[in-house]
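Participant: give the three-dimensional model of this entry:
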Amino acid sequence: MQKQGIIKHVDRVMDSYKKGEITNAQLAKIIENLQKSPIFAMSIVNMADAHYVQSSGLAAEEKQRAKLDFQRFARGYC
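Facilitator: Next up is the predicted model:
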């Protein structure tokens, strides 16, 4: 799953940072680049869907439509 791959890379970067293999400036640059990438927008969309839509009282069909709308928004944004 793509999400697990991203988490693995984030963990790798953070481990390197904790070991002193990555400087503060390098970490800041990595974060800056992530904010400009489609991954950042997709993460926000996925969090919004999980936090607000999927945990809401909407019917299953409405949740699915909302998820699709979020995905369409993210693709248009990126």
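
Participant: what comes up buried for the one helix or strand in the chain whose mean pLDDT sits lowest?
Facilitator: Between all helices and strands in the chain, the lowest mean by mean pLDDT, DSSP states H and E belongs to helix 38-48, at a mean of 81. Across helix 38-48, burial judged by 16 or more other CB atoms under 10 Å covers 39, 41-42, 45. C-beta coordinates here come from the backbone N, C-alpha and C atoms, glycine included.

Participant: also stretch 51-61?
Facilitator: Here stretch 51-61 shows V53 as buried, counting by 16+ other CB under 10 Å.

Participant: C-alpha coordinates for it, PDB please?
Facilitator: Provided in PDB are the C-alpha atoms of stretch 51-61 (Å, rounded to 0.1, in the frame of the first residue of the first chain):
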ATOM      1  CA  HIS A  51     -11.700  12.500  10.500                       C
ATOM      2  CA  TYR A  52     -14.900  14.300   9.300                       C
ATOM      3  CA  VAL A  53     -16.600  12.100   6.700                       C
ATOM      4  CA  GLN A  54     -16.000   8.500   7.600                       C
ATOM      5  CA  SER A  55     -16.600   9.100  11.300                       C
ATOM      6  CA  SER A  56     -19.800  11.000  10.600                       C
ATOM      7  CA  GLY A  57     -23.400   9.900  10.800                       C
ATOM      8  CA  LEU A  58     -23.800   9.900   7.000                       C
ATOM      9  CA  ALA A  59     -25.100   6.900   5.200                       C
ATOM     10  CA  ALA A  60     -22.500   4.600   3.500                       C
ATOM     11  CA  GLU A  61     -23.400   5.900   0.100                       C
END
